[in-house]
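Visitor: I'd like to go over a predicted model; first the sequence, then the structure.
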Amino acid sequence: MEMRLTLLQGLETAAFVCVSMWIVWQLWPRDEEQERINKRLPGGSFGWPLVGETLKYMASMKTSNPTFMAERRAKFGEMFKSKLMGAFCVVTTKADTIKWVINHDGKQFVTGYPKSFRKVLGEYTALSIHGEKWKSTRRFLVKSLRVELLKERIPMIEELVLENLNSWATKGCVSIREETKTLAFNVVAQYLLGSRLKSGPVNDSLRNDFYTLVEGLFALPIALPGTNFTKALQARARIVETLERDVVSQPRPAGDEDQYVDYMNYMRDENLPGTTEEKLIEQTRCHVLGMLFAGHETAACAMLFAVKYIMDNPRVLNELRAEHENIQISKFEDGGLTWDDYKNMRFTQSVITETLRLANPVTLLWREATEDVQLNGFVVPKGWKTVCAIREAHHDPAYFENPTEFNPWRHQDEVMNPAKKPPLLAFGSGPRYCPGAELARMELCIFLHHLVTKFDLESCGPEKMSFFPIPKFSNGLQVQVCERDPSMKIAHKIKAQ
């Protein structure tokens, strides 16, 4: 009884403190500079003290039809002020404005992801650094993701895809979310660190810790036991320990990649001012963690939702099968895919683009103003965040007719009006355009090729969709996967001929 009373008193005290802080915050006199800033900000609300509108945003994004951004856009316009993830910000929902902000990276803006993101992945990830550090890292990424190397990695990716897909048909109903997460992690891990990360205990340990890390990236940065943020920090420490003990310290097989060692040596040769050996080690850890995240989430999310959209749209499935069976006809029996095959998957590319439009894992891009920035008649104050609402831009009816409809044909060159080319921001834009975009698309094309030519899919039941911290389904998208009837494959081939 006494414990219950103590708990109630504690809750009452906490509530009183929160309300008092809110009243003080509302009534506190503003100085002239603050008043000047307020008059030049767009409309909007900062929400509650400390948390701002973060909880409202999270609650909305955990539904199948998030309305947080749309409601504020309808009330305040295409730009509005808010407080999200502990930061005062100006949110922009218009694609043209978003592209302008992104294209001025390193000038009026620098990357400005929330504290939780920077703490979990690290201050030196490619997503957080700017200036000379970013330029040096980008040169390294462009080299390690060049076309010649992508061509060499096609057999490795195809082997992993087939290994993963073939296991689906033996499991009954499978969670597509879990399976595509595993596949995407294995692809990016082996691309970055080589065959030492093939299936096994080390791979399993890293992968499970990595999933825990991702869950805490956009959590409230509260370092209390049991919070997603704390769990993510603990997972990060285990990942670093496992990588350095069980992967990097082991001999590198001939022909294998090792971006941990290669990046460290590269940055040591760059010899940027202020780089100590201790800082170099932390930069390398951040680089590998950042690449695992960036290379995993986009591919896993796109594969998951591509399966859903294909299952829900038989016409799309038929067109995909026709394209990929034509590719099969031109090859010897069981011949592996080539770069030319990949470049001929034109409708498949449209399916991928439309999937990323509707279910891009990056729903918000964060930038920080390095000076007071004039933007569409308003001002983003120095030090404030500009939050680019990618999902809203991808649902803009001014560019996308019936924006909630899955329609890959809208991206076909022959029907696209160049004057109204849809603004697609799935991989960013300008100086921050994702260097790994080609790898992600190639991985997705290989996955879809083998999925639609070798398997039939049937839903195991209804699913609810949500979008926080990334797009996903309530039950992971449970699907029955069966090998296709060989006679059906032959019939399709004859028809195609």
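Guide: Sure, I can see it. Numbering: from 1, shown residues only.

Visitor: buried residues in the longest helix anywhere in the chain?
Guide: As assigned by DSSP state H, the longest helix anywhere in the chain is helix 277-312. Residues 280, 283-311 are the ones in helix 277-312 that count as buried (16 or more other C-beta atoms under 10 Å). Any C-beta I mention is one placed from the backbone N, CA and C, and that applies to glycine too.

Visitor: Skip ahead from that helix and say which helix or strand is next.
Guide: helix 314-329 (DSSP states H and E).

Visitor: and the angle from that next one to helix 277-312?
Guide: For helix 314-329 against helix 277-312, the angle between stretch directions is 110 degrees (axes from the mean of the first three to the mean of the last three C-alpha atoms, to 10 degrees).

Visitor: tell me which residues of helix 314-329 are tucked away?
Guide: V316, L317, E319, L320, R321, E323, H324, E325, I327, Q328.

Visitor: Just give me the closest of the residues you listed to T386.
Guide: Here the nearest of those to T386, counting by C-beta to C-beta, is V316; it sits at 35.6 Å.

Visitor: Find the residue ranges of the stretch 301-450 of the chain scoring beneath the pLDDT cut-off.
Guide: Counting by pLDDT under 70, the stretch 301-450 of the chain contains low-confidence ranges at 332-334, 413-422.

Visitor: Show me the strands in it, by range?
Guide: 364-369, 373-375, 378-380, 385-389 (DSSP state E, counting those that start in this stretch).

Visitor: So which of those strands is the most surrounded?
Guide: strand 385-389 (a mean of 26; mean count of other C-beta atoms under 10 Å).

Visitor: Alpha carbons of that strand, in CSV - could you do that?
Guide: Coordinates of the C-alpha atoms in strand 385-389 are reproduced here as CSV (Å, rounded to 0.1, in the frame of the first residue of the first chain):
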residue,chain,number,x,y,z
LYS,A,385,17.0,22.0,-37.9
THR,A,386,15.3,21.9,-41.3
VAL,A,387,13.3,18.6,-41.4
CYS,A,388,12.6,17.5,-45.0
ALA,A,389,9.5,15.4,-45.0
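
Visitor: Strand 364-369 and that strand, what's the angle between them?
Guide: Using the same axes, to 10 degrees: strand 385-389 against strand 364-369 is 150 degrees.

Visitor: Return stretch 357-367 as PDB; C-alpha atoms alone will do.
Guide: The C-alpha trace of stretch 357-367 is given here as PDB (Å, rounded to 0.1, in the frame of the first residue of the first chain):
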ATOM      1  CA  ARG A 357       8.200   6.300 -53.400                       C
ATOM      2  CA  LEU A 358       5.500   4.800 -51.200                       C
ATOM      3  CA  ALA A 359       7.600   3.100 -48.600                       C
ATOM      4  CA  ASN A 360      11.000   4.800 -48.400                       C
ATOM      5  CA  PRO A 361      12.800   3.800 -45.100                       C
ATOM      6  CA  VAL A 362      14.000   7.400 -44.700                       C
ATOM      7  CA  THR A 363      10.900   9.400 -44.100                       C
ATOM      8  CA  LEU A 364      12.700  12.500 -42.800                       C
ATOM      9  CA  LEU A 365      16.000  14.100 -43.800                       C
ATOM     10  CA  TRP A 366      17.600  16.300 -41.200                       C
ATOM     11  CA  ARG A 367      19.700  19.400 -41.900                       C
END
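
Visitor: Other residues contacting it?
Guide: 61, 98, 101-102, 105, 109-114, 117, 297-298, 300-302, 304-305, 309, 385-391, 394, 400, 404, 406, 422, 424-426, 428, 467, 470-471 (C-beta atoms under 8 Å, 6 or more residues apart in numbering).

Visitor: any idea which element E458 lies in?
Guide: strand 455-459.

Visitor: partners of that strand, with directions?
Guide: The partner list of strand 455-459 in its sheet, established with DSSP bridges, is strand 478-483 (antiparallel).

Visitor: for the partner strand, which positions count as buried?
Guide: Buried-residue list, strand 478-483, by 16+ other C-beta under 10 Å: Q478, V479, V481.

Visitor: Can you tell me how far K133 is from M267?
Guide: 9 Å (C-beta to C-beta, to the nearest Å).

Visitor: Who has more neighbours out of these two?
Guide: Per other C-beta atoms under 10 Å, whichever of K133 and M267 has more neighbours is M267, with 21 against 18.

Visitor: The more buried one: what's it in contact with?
Guide: Taking C-beta under 8 Å, 6+ apart as the contact definition, M267 lies against S136, T137, F140, T275, L280, Q283, T284.

Visitor: about what we covered before: of the buried residues of helix 314-329, which is the nearest to V379?
Guide: Looking across the buried residues of helix 314-329 and measuring by C-beta to C-beta, the closest to V379 is V316, at 44.7 Å.

Visitor: re the thing from before, TSV please, covering the buried residues of strand 478-483 and showing pLDDT.
Guide: Shown next, in TSV, are these (pLDDT from 0 to 100):
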residue	pLDDT
Q478	97
V479	97
V481	94
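
Visitor: and these as JSON lines, adding distance to V187?
Guide: Converted to JSON lines, the buried residues of strand 478-483 look like this (distance: C-beta to C-beta, whole Å):
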{"residue": "Q478", "distance to V187": "23"}
{"residue": "V479", "distance to V187": "20"}
{"residue": "V481", "distance to V187": "19"}
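
Visitor: Can you tell me the element the residue lying closest to G52 once chain neighbours are set aside falls in?
Guide: Nearest non-adjacent residue to G52, counting by C-beta to C-beta, 6 or more residues apart in numbering: K83, 2.6 Å away. Assigned by DSSP H and E, K83 falls within strand 79-84.

Visitor: Can you give the contact residues for that strand?
Guide: Strand 79-84 is contacted by residues 41-47, 51-54, 57, 72-73, 88-94, 97, 114, 375-376, 378, 385, 387 when judged by C-beta under 8 Å, 6+ apart.

Visitor: Can you say which of these are buried?
Guide: Buried members of these, scored by 16+ other C-beta under 10 Å, are 41-42, 44, 47, 51-54, 57, 72-73, 88-94, 97, 114, 375, 378, 385, 387.

Visitor: Looking at those, which are in helices?
Guide: Counting by DSSP H, the members of the buried ones among the contacts of strand 79-84 that fall within helices are T54, Y57, R72, R73, T97.
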